[in-house]
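>>> need a structure here:
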Amino acid sequence: MVVAAFYKFVHLPDYVELRSPLLSLCQTQEIRGTILLAQEGINGTIAGSKSAIDTVLNYLRQDPRFADLTTKESISDSPMFDRMKVKLKKEIVTLGQSEIDPTQQVGTYVKPQDWNDLISDPEVTVIDVRNQFEVSIGSFEGAIDPQTQSFRQFPDYVQTALDRAKHKKVAMFCTGGIRCEKASSYLLSQGFEQVYHLEGGILKYLEEVPSEDSLWQGECFVFDQRVAVTHDLSDGSYTMCEACGHPISQTEQTSPHYQPGVSCSYCLEA
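Numbers count the residues shown, from 1 in each chain. A predicted model of the protein is given here:
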């Protein structure tokens with residue numbers, strides 16, 4: 001089964017009208033997954049046969065606004081999604097800052113092959129833009145965890161923890177790159193001048209950088225039934241607590257508090 005992840009920030013005043021034909025095509029092709037449509041663009045992860053995925057992507061690229069749509073594709077033997085959903089949203093990734101527009105300004109993209117050199121520079125502040133539960137199962141060595149529970153909290157973190165005079169070079173990363181588009185745009189709007197972000201996100205890094213050269217530690221949480229992936233985007237070792245939605249490691253699965261489908265140790269802490 002092919003898994004394709006994609007996003008693009010582009011003005012879509014007709015995004016409501018795009019939903020029905022796109023959903024119909026995905027269902028006809030027996031595609032499963034989730035696609036978000038908003039006035040600011042598209043964001044999706046879908047799974048299916050190679051020919052079905054290609055059919056959907058070719059359909060999208062026939063729209064001139066999606067002609068250069070790029071994807072990150074991987075292979076998985078695990079069931080990915082239960083059904084197909086195309087949702088209409090206010091934002092394709094929710095920051096809650098309506099004035100931020102990544103089509104107008106974003107940080108400097110850094111290729112996965114150049115990322116190690118950048119984050120090894122002692123003058124660079126490296127920030128993991130993801131939520132705390134995602135950071136807990138894997139991150140880059142030395143990266144700062146803002147300890148946010150949702151992306152909406154990122155602007156508050158910037159206001160309280162970052163200083164333009166002190167943090168002159170900021171490098172950020174997230175799962176697939178989409179959150180960093182908005183995060184970098186927000187930092188630039190706040191007067192930070194040297195802002196960098198990992199092009200294609202962690203997933204592209206794990207796909208392209210050999211494990212022996214990698215500075216990644218742990219696994220990478222993904223928002224589907226794989227739960228997490230490792231280098232080469234192989235399926236990881238985590239499972240998901242169906243009660244609280246927290247990823248559970250193999251060690252945590254041996255806890256007496258873990259009952260599949262019922263509870264885990266994180267449930268008790270909530």
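>>> neighbours around the nearest residue to Cys26 once chain neighbours are set aside, how many?
Closest residue to Cys26 apart from its sequence neighbours, by C-beta to C-beta, 6 or more residues apart in numbering: Met84 at 4.8 Å. All C-beta spots, glycine's among them, are computed from the backbone N, C-alpha and C. By other C-beta atoms under 10 Å, 21 other residues sit near Met84.
>>> confidence score at Met84?
The model reports Met84 with a pLDDT of 97.
>>> is it true that it touches Ser24?
No: Met84 is not in contact with Ser24 according to C-beta atoms under 8 Å; the separation is 9.9 Å.
>>> tally of neighbours for the closest residue to Gly107 other than its chain neighbours?
Leaving aside its chain neighbours, Gly107 sits nearest to Ser184 (3.1 Å; criterion: C-beta to C-beta, 6+ apart). Counted with other C-beta under 10 Å, the neighbours of Ser184 add up to 25.
>>> now do Lys89
Neighbour tally, Lys89, other C-beta under 10 Å: 14.
>>> that older thread, next, the residue nearest to Cys26: phi, psi?
Main-chain torsions, Met84, degrees, to the nearest 10: phi -100, psi 130.
>>> ok, it - contacts?
Contacts for Met84 were tallied using C-beta atoms under 8 Å, 6 or more residues apart in numbering; they are 23, 26-27, 31-34, 46.
>>> now Phe81: closest residue in space, sequence neighbours ignored.
Arg32 (4.0 Å).
>>> looking at it, the one you found is touching Ile53, isn't it?
No: judged on C-beta under 8 Å, Arg32 makes no contact with Ile53 at a distance of 11.0 Å.
>>> overlap in contacts, the two.
46-47.
>>> show me where this structure has helices.
15-28, 50-61, 112-119, 132-135, 154-161, 178-189, 201-208, 265-269 (DSSP state H).
>>> now the longest one and helix 50-61, what's the angle there?
Computed by axes from the mean of the first three to the mean of the last three C-alpha atoms, to 10 degrees, the angle separating helix 15-28 from helix 50-61 equals 160 degrees.
>>> likewise the third one?
For helix 112-119 against helix 50-61, the angle by the same axes, to 10 degrees is 70 degrees.
>>> show me what helix 112-119 is packed up against.
With contacts taken as 3 or more C-beta pairs under 8 Å, 6 or more residues apart in numbering; DSSP states H and E, helix 112-119 sits against strand 169-173, strand 194-198, helix 201-208.
>>> pull out the buried members of the contacts of Met84.
23, 26, 31-34, 46 (16 or more other C-beta atoms under 10 Å).
>>> now those as TSV including pLDDT and distance to Thr70?
Formatted as TSV, those follow (pLDDT from 0 to 100; distance: C-beta to C-beta, whole Å):
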residue	pLDDT	distance to Thr70
Leu23	98	22
Cys26	98	19
Ile31	96	18
Arg32	96	21
Gly33	96	17
Thr34	97	18
Ile46	96	14
